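> A predicted structure for the sequence below; I have some questions about it.
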Amino acid sequence: MTATVLFGFHAVGVRLKTAPASIREIHYDASRHDARMRLFLERAQAANARLIESDAERLARLCGSSRHQGVVARAELIKQTHSLDDLLDAIEVPPLLLVLDGVTDPHNLGACLRSADGAGAHAVIAPKDHAVGLNATVAKVASGAADTVPYLMVTNLARTLGELKERDIRIVGLSDDAEHTLYQADMRGPTALVLGAEGSGLRQLTRKTCDELVSIPMHGAVESLNVSVASGICLYEALRQRSN
């Protein structure tokens, strides 16, 4: 089975909690003796994880980043076992989906997954082309959400959006030039929020497929928000509406 690399306390800690058997080994900075590291090692030992003493330089080589916090794990890659149809069939409440059109920055994807987890979104969908896949940086930024939120990459995004519409899921796209704002949209029912890459926005075909386009009101000097910030605002507005 294909292996992946996870690093940082949150990313490795969530995997220890959700799928401890998938972890092959955990490398840790043996020079760290603080409370956070001691607690982490206790959890790893309780999960029967193989622990390997290391140093900061080796950890950085293993994960390709100096932001490992002293913890790097090699683990089995957990593949999505269900199709989008299977996932939607199993949802018993109005689905809330986040669709990312052309997001290629792993830090943005990781932050979007983290917001999706926090807001209770059922899945994040992206095209196989013009999008970043799950990697160690995504997992680190997502703080464990890469293991808890299904990330489905589809061959044809416009066709997938059409299939969602056939399920009576309303497609709400975010666009700076939309006439209505996010706060005028009704997202209490089945909803897919569609956001494009920062700068280029939604691709034309994706834009045409949306049932409704909305904007986030901007009252300062900047004209737009980072896609991960915008996705958090949109998801939590949907959550607010559903909570009333």
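Sure, I can see it.
> How far does the longest helix along the chain sit from its chain's centre?
Longest helix in the chain, counting residues (DSSP state H): helix 227-243. Chain-centre distance of helix 227-243: 14 Å, with CA atoms, centre = their mean, to the nearest Å.
> tell me which element the nearest residue to residue 164 once chain neighbours are set aside is part of?
Counting by CB to CB, 6 or more residues apart in numbering, residue 164 lies nearest to residue 192, which is 5.4 Å off, once chain neighbours are set aside. No exception for glycine: its C-beta is placed from N, CA and C like everyone else's. Using DSSP states H and E, residue 192 maps to strand 191-196.
> and the spatially most central residue of the chain, helix, strand or coil?
For the chain, the residue nearest the mean C-alpha position is residue 113 (1.8 Å; CA atoms, centre = their mean). Classification of residue 113 by DSSP: H, G, I helix; E, B strand; the rest coil places it in helix.
> I figured it hits residue 150, correct?
No - using CB atoms under 8 Å, residue 113 and residue 150 do not qualify as a contacting pair, with a distance of 9.9 Å.
> Common neighbours of these two, please.
Counting by CB atoms under 8 Å, 6 or more residues apart in numbering, the contacts common to residue 113 and residue 150 are residue 124.
> any idea how far residue 14 is from residue 150?
15 Å (CB to CB, to the nearest Å).
> Who has more neighbours out of these two?
Taking other CB atoms under 10 Å, residue 14 and residue 150 do not tie; residue 14 has more neighbours (21 against 17).
> what's next to the host helix or strand of residue 164, contact-wise?
Residue 164 is part of helix 157-166, with elements assigned from DSSP H and E. By CB under 8 Å, 6+ apart, the residues outside helix 157-166 that reach it are 84, 97, 99, 101, 125-127, 154, 171, 192, 194, 205-206, 209-211.
> When you compare pLDDT across those residues, which one is lowest?
Lowest in pLDDT among these is residue 84, which has 91.
> Which residue comes closest to that one once chain neighbours are left out?
residue 152 (5.4 Å).
> And for residue 187?
Setting aside the residues directly before and after it, residue 187 is nearest to residue 238 in space (CB to CB, 6+ apart), at 4.1 Å.
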